[in-house]
Structures are given as structure tokens and as C-alpha cells.
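1. Build me a structure from this.
(4 chains)
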Protein chains: 2
Amino acid sequence: MILQIDVNSEKSLYTQIYESILLGIATGSLVPGASLPSVRQLGGELGVNLHTVNKAYRLLAQDGFVVINKKKGAFIAMDFSIDEKDIEELRESMTILLAKAHIKGLSLAETQTLVQSIAQDFTKEA
Amino acid sequence: MILQIDVNSEKSLYTQIYESILLGIATGSLVPGASLPSVRQLGGELGVNLHTVNKAYRLLAQDGFVVINKKKGAFIAMDFSIDEKDIEELRESMTILLAKAHIKGLSLAETQTLVQSIAQDFTKEA
DNA sequence: TTATTGTTATACTATTTATATAACAAGCAA
DNA sequence: TTGCTTGTTATATAAATAGTATAACAATAA
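-> Purely as a prediction, here's the structure:
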């Protein structure tokens, strides 16, 4: 668990932590049930405050990707479920991305190819 | 040009204006060369400050969707071009969305169907 | 007992978001 | 010329967000 943080990124620190862990789960390097470092430990490794790590963990738990045990620490969730709200959020975010792509002339076929090439990184073995 | 703004939205006001105009272009209700309301006029209609509208216009111009003429006002761009940076940004944003979808069990086929259903709103006539 | 866990509380700084006015330079129409 | 409109710039203010810094708490585990 030596994920990278860029202090010069336009993205906030907790967002970078959130997305790193999210991608870790999606690519299989973080498996369900795996334990995450304590907020103090990861904060120390990354050179950020423990509250910044805690915020990332809290958001991950809110979104169902992580389970937090007050005394044992944070763990990757054992099972993931999708609900109507998830789909609605996905549709809304995807709409903005696809609008930009469409205006700039990207064809549907090209878009589907891009989607497939990204999804391959998730469906393949790590 | 009576677009909607929600002051209780989690999204910032200028982001809502930006995305509304973006979707207007993508769906065809705002055609290339069409003039946008002045920052004062749209600000008045929406009940927001002219600087808030100006920020949305500035970002739209930065991203190539709008052209600003200091004395004539803002217009939808006449032609749109995609560059490597656009594609890289699209890929990065898309990666996060697809990671969430994949973790929550959405299949590639289901994702492609969602993409197609959204894209239809852009390719069809308005 | 002791160390570790997430959590809570407080305080502080910096940035972002949004508003409010005012003024400017340039285009255009009367 | 006069007057109106355009985006822009400048300044100021308030609220929210982001991030850090410390300290303390309750409960688990060794």
C-alpha cells in the first residue's frame, strides 16, 4: 500500500486517496476483506494529515466500497451492491462526459472502443 | 435561453451554468454561432451575479465550446476540435466512472447499453 | 497495562465560491 | 457627440471547503 499523491494536482488530496483505493479495488490489487492502513499510518506514509485520510475512508464507506470498524480499522467491503441512486449518478456523470466527446466529434464507435479498452483493465486478471 | 439553476445543488452555480450550455450544444438546441445572453442578462434571469456567469463562459471558452468577443458578447463556437489532451482527460474521468460501475457489478454489456442510450440523445434530431 | 483503532473537538490558515459595486475601453446606434 | 451595451478588471466581503495541528476519548487487542 504505497499509493502516490501529487500535492500539485488539481484534485484534492482526499479525492486522490479515494480514487487510488477505488482503482485498487477495480483492478484487483485490493481484494474484498483486505485491511487498509490506519488513518495515522497512511497519513504518515503520504505526508498528509490523518483527517485527510479519514475523509477519504469515510467517503469510500459512504459509497459502499469500504467498511469501517471503529476499533479494528478500515477494510475493503466484502460485497458490493448497486442501487437505483448509483445508476442515476453514473448516468448523470456519464452524460456530461459523452456530451463533451460528442461535441468534439468523437463518434459513438470511438467512444465504445474507449470504454472497452478501459474496462479491460478491470475484467482482466491483475 | 431560460436554463434552470438549483441553489441547493451540490454542484457550484457556475458548474451548473457550464453544464447546461454544454448539454444545449450537445442536444442541438444551441447551434454553432448562436449568441449567448450577456453575462448581465443571464445573471439577471438566473438571479446570480454576473461574475458567476462570466466564470462559466470563461471556462466554456477555455474548453473550446464558446468564443468570446469583448464587445459583441459570447457565442457558441463555429467548429470544435479534439486534441490529445481532451482524450486524456476523457479517459481519466471515464476510468473513475467505469471503476465504480465495475466494482458494483455492472457488466460491460450493461455499461455499453447505458452509453448508447445517452449518446442517442445527442445524435438524434432535437 | 499498553498500544492501536476510528472518532470527536478545537483552532487555524488558505483557497474556492459567490456576491456587491464600481469603473474601464470599445463597439454601435441614435 | 451622446448614450447604451459588451466583456473585463479591480476591490471588498462573506461563507464554505480543504488541509493541517493537537489533544483527548472509548474500545479492542496483545
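2. Helix B:84-103 and the lengthiest helix in chain A, what's the angle between them?
-> The helix of greatest length in chain A, counted in residues with DSSP state H as the criterion, is given as helix A:84-103. Orientation of helix A:84-103 against helix B:84-103 (axes from the mean of the first three to the mean of the last three CA atoms, to 10 degrees) gives an angle of 160 degrees.
3. ok, and the closest non-adjacent residue to the residue most central in space within chain A?
-> When chain A is reduced to its mean C-alpha position, the closest residue under CA atoms, centre = their mean turns out to be A:Leu22, at 2.5 Å. The shortest distance from A:Leu22 to any residue other than its chain neighbours is 5.3 Å, reached at B:Ala99 (CB to CB, 6 or more residues apart in numbering or on different chains). C-beta: built from backbone N, CA, C; applies to glycine.
4. Tell me the confidence at the one you found?
-> pLDDT, the model's per-residue confidence, is 98 for B:Ala99.
5. separation between it and A:Asn69?
-> Taken as CB to CB, to the nearest Å, the spacing of B:Ala99 relative to A:Asn69 amounts to 24 Å.
6. more crowded one of these two?
-> B:Ala99 (22 against 9; other CB atoms under 10 Å in any protein chain shown).
7. low-confidence ranges in chain A?
-> Judged by pLDDT under 70, chain A has its weakly predicted residues at A:1-2, A:124-126.
8. all helices of it, in order?
-> According to DSSP H, chain A carries its helices in the segments A:13-27, A:39-46, A:50-62, A:84-103, A:108-123.
9. Now distance to DNA strand C too, for these, in CSV please.
-> Conversion of the helices of chain A to CSV gives the following (distance: least, CB to the nearest atom of the strand, whole Å):
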stretch, distance to DNA strand C
helix A:13-27, 12
helix A:39-46, 4
helix A:50-62, 5
helix A:84-103, 15
helix A:108-123, 26
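10. winner for burial among the ones you listed?
-> helix A:13-27 (a mean of 20; mean count of other CB atoms under 10 Å in any protein chain shown).
11. Mind listing residues that contact that helix?
-> Here helix A:13-27 makes contact (CB atoms under 8 Å, 6 or more residues apart in numbering or on different chains) with A:3-7, A:9, A:11, A:30, A:36, A:42, A:46, A:48, A:52-53, A:55-56, A:59-60, A:65-66, A:76, A:121-122, A:126, B:95-96, B:98-100, B:102-103.
12. same thing but 6 Å
-> With CB atoms under 6 Å, 6 or more residues apart in numbering or on different chains as the test, helix A:13-27 has contacts from A:3, A:5, A:30, A:48, A:52, A:55-56, A:59-60, A:122, A:126, B:96, B:99, B:102-103.
13. can you list the domains in chain A?
-> In terms of domains, chain A is parsed into A:13-76, A:84-123 (source: automatic domain parsing).
14. Need the distance between the two termini of the last one.
-> Taking CA to CA, to the nearest Å, the first and last residues of domain A:84-123 lie 23 Å apart.
15. that older thread, and the longest helix of chain A, what other elements does it pack with?
-> The helices and strands touching helix A:84-103, judged by 3 or more CB pairs under 6 Å, 6 or more residues apart in numbering or on different chains; DSSP states H and E, are helix B:13-27, helix B:84-103, helix B:108-123.
16. want to throw those helices into JSON lines with distance to A:Gln112?
-> Shown next, in JSON lines, are the helices and strands packed on helix A:84-103 (distance: least, CB to CB, whole Å):
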{"stretch": "helix B:13-27", "distance to A:Gln112": "17"}
{"stretch": "helix B:84-103", "distance to A:Gln112": "11"}
{"stretch": "helix B:108-123", "distance to A:Gln112": "6"}
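17. Against B:Leu3, how distant is A:Thr27?
-> Taken as CB to CB, the spacing of A:Thr27 relative to B:Leu3 amounts to 39 Å.
18. picking up where we left off before, tabulate the domains of chain A (TSV), appending distance to B:Ile82.
-> Converted to TSV, these look like this (distance: least, CB to CB, whole Å):
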stretch	distance to B:Ile82
domain A:13-76	24
domain A:84-123	4
